[in-house]
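In: Next input, structure requested:
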Amino acid sequence: MSDSDRRLADVSNSRFGEPEAVFTSGPGQTAAGMMVGLTLAAVCFAATLTAEGVQPTSRFLIVGLGLAGTGFAYWIFRLRKWRLSVCPGGVVQVRAWSVDEAAWSEVREVVVTRVKGTASPYKVTVVTAAGEIVVSPINCRRREQLFETLQDAAARRQIAVHTEWVEPSD
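Out: Sure thing, here's the model as predicted:
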């Protein structure tokens, strides 16, 4: 059992009961994202080492792209720890270095954010008196099912669920 799974089980089982549904990041998406980032970094660093007669500004650009690739790979690596548990007593989201939780009794509303012209939600926000839990799983295998499960769980508890439409970004 991974560290994220242990943290999720500790919080959800002790406080909110046995999970009705648990969602995790997809290993395929995580591996592919890390490979893209590390390949970009390796190509850029190799180009920096082998390039002769290249202007200093071009060399800085290549190094910058290599660092961006490394940062992208690290960001994707951190996303592998993401977990979401929908329990009878509440919802728990585990990320790389934090755990967000909310009892259903504390939830005021659930806001589903959709981009105009697209079919699936972009994110779901669980709003409580103490703050918000923003669920935007970038690399979840069952993204559509996750959003439906959250909306259904809220509706069963007579918690307001509404849709917020946003313009697509260019």
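In: Could you use CA atoms for every contact and neighbour count after this?
Out: Fine.
In: Domain parsing of the protein, as residue ranges.
Out: As given by automatic domain parsing, the domain ranges for the chain are 3-26+81-166, 28-79.
In: average pLDDT for the shortest one?
Out: In this case it means domain 28-79. In this model, domain 28-79 carries a mean pLDDT of 72.
In: hang on, the earlier thing: redo the domains of the chain as TSV? Include mean neighbour count.
Out: Below are the domains of the chain laid out as TSV (neighbours: other Cα atoms under 10 Å):
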stretch	mean neighbour count
domain 3-26+81-166	17
domain 28-79	16
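In: quick one: the strands in this protein?
Out: 21-24, 83-86, 90-94, 99-103, 107-115, 121-128, 132-135, 160-166 (DSSP state E).
In: Which one, of these, ends up nearest to F147?
Out: Nearest to F147 among those is strand 121-128; the distance by Cα to Cα comes to 6.8 Å.
In: distance between that closest one and the chain's centre?
Out: Using Cα atoms, centre = their mean, to the nearest Å, the mean C-alpha position of strand 121-128 is found 12 Å from that of the whole chain.
In: Could you tell me which strands sit next to that strand in the sheet, and their orientation?
Out: Here strand 121-128 has these sheet partners by DSSP bridges: strand 107-115 (antiparallel), strand 132-135 (antiparallel).
In: Including distance to S58 and mean pLDDT, could the strands of the chain go into a markdown table?
Out: Below are those laid out as a markdown table (distance: least, Cα to Cα, whole Å; pLDDT from 0 to 100):
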| stretch | distance to S58 | mean pLDDT |
| --- | --- | --- |
| strand 21-24 | 40 | 85 |
| strand 83-86 | 41 | 88 |
| strand 90-94 | 41 | 89 |
| strand 99-103 | 42 | 90 |
| strand 107-115 | 37 | 91 |
| strand 121-128 | 37 | 85 |
| strand 132-135 | 39 | 87 |
| strand 160-166 | 38 | 90 |
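In: will you turn the ones you listed into CSV that also has distance to A41?
Out: Output for those, formatted as CSV (distance: least, Cα to Cα, whole Å):
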stretch, distance to A41
strand 21-24, 27
strand 83-86, 28
strand 90-94, 29
strand 99-103, 31
strand 107-115, 32
strand 121-128, 29
strand 132-135, 29
strand 160-166, 34
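In: so which of those strands gets nearest E144?
Out: Using Cα to Cα as the measure, strand 121-128 is the one of the strands of the chain that comes nearest E144, at 7.7 Å.
In: what's the spacing between the nearest residue to P19 once chain neighbours are set aside and F16?
Out: In space, and not counting its chain neighbours, P19 is closest to C87: 4.2 Å by Cα to Cα, 6 or more residues apart in numbering. For C87, the distance to F16 equals 6 Å [Cα to Cα, to the nearest Å].
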